[in-house]
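Asker: just to be clear, the model below is a prediction. Sequence and coordinates:
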Amino acid sequence: MEIAEIKQRLSILTVLAHYNLKPDKNHRLCCPFHLDKTPSFQVYPKSDTWTCFSSNCSAGSGDQIDFIMKKEGTTKHEAILKAEEFAGHNGSPVLQQNKPKSEITILTQEQRTAILTKAFTHFVRSLNA
């Protein structure tokens, strides 16, 4: 799937919902990238973009892929792959349990350890933020 097609199928609101984030009626919410007492994170559903207006935040602005990249702490390429997964074939997120057993990948112990190490590192980094 091309990046333009992924962005067309995947709205910023869908990405936020995946992370259990819901903007208020004015499309604002507390920034997920820093401690925030009042909403400084503005979502623009028409352009599928977002901006954090806090001077305490280095997240800046971005689109769906940028949000995934910053939230997951991944590379742009990994964020594109994750966005493609979220977009699915019909615009709804693709869940592992919806796949037939023949398509589920069995991971080796080394692969599982690598994934868990990456997740642990991500969580530790987000605690220090």
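Answerer: Yep, that arrived. Remember, it's a predicted structure, so these values are computed and weren't measured experimentally.

Asker: what's the closest non-adjacent residue to residue 43?
Answerer: residue 27 (4.4 Å; CB to CB, 6 or more residues apart in numbering). No exception for glycine: its C-beta is placed from N, CA and C like everyone else's.

Asker: my read is that the one you found contacts residue 46, right?
Answerer: No: using CB atoms under 8 Å, residue 27 makes no contact with residue 46, being 9.7 Å away.

Asker: which one of those two is surrounded by more residues?
Answerer: residue 27 (17 against 8; other CB atoms under 10 Å).

Asker: what does the top helix by length along the chain contact?
Answerer: Longest helix in the chain by number of residues (criterion: DSSP state H): helix 109-128. Contact with helix 109-128 is made by 72-73, 107, as judged by CB atoms under 8 Å, 6 or more residues apart in numbering.

Asker: kindly recompute the last result at 6 Å.
Answerer: Contact with helix 109-128 is made by residue 73, as judged by CB atoms under 6 Å, 6 or more residues apart in numbering.

Asker: need the pLDDT of the residue nearest to residue 43.
Answerer: According to the prediction, residue 27 has pLDDT 96.

Asker: likewise residue 122?
Answerer: Reported pLDDT for residue 122: 83.
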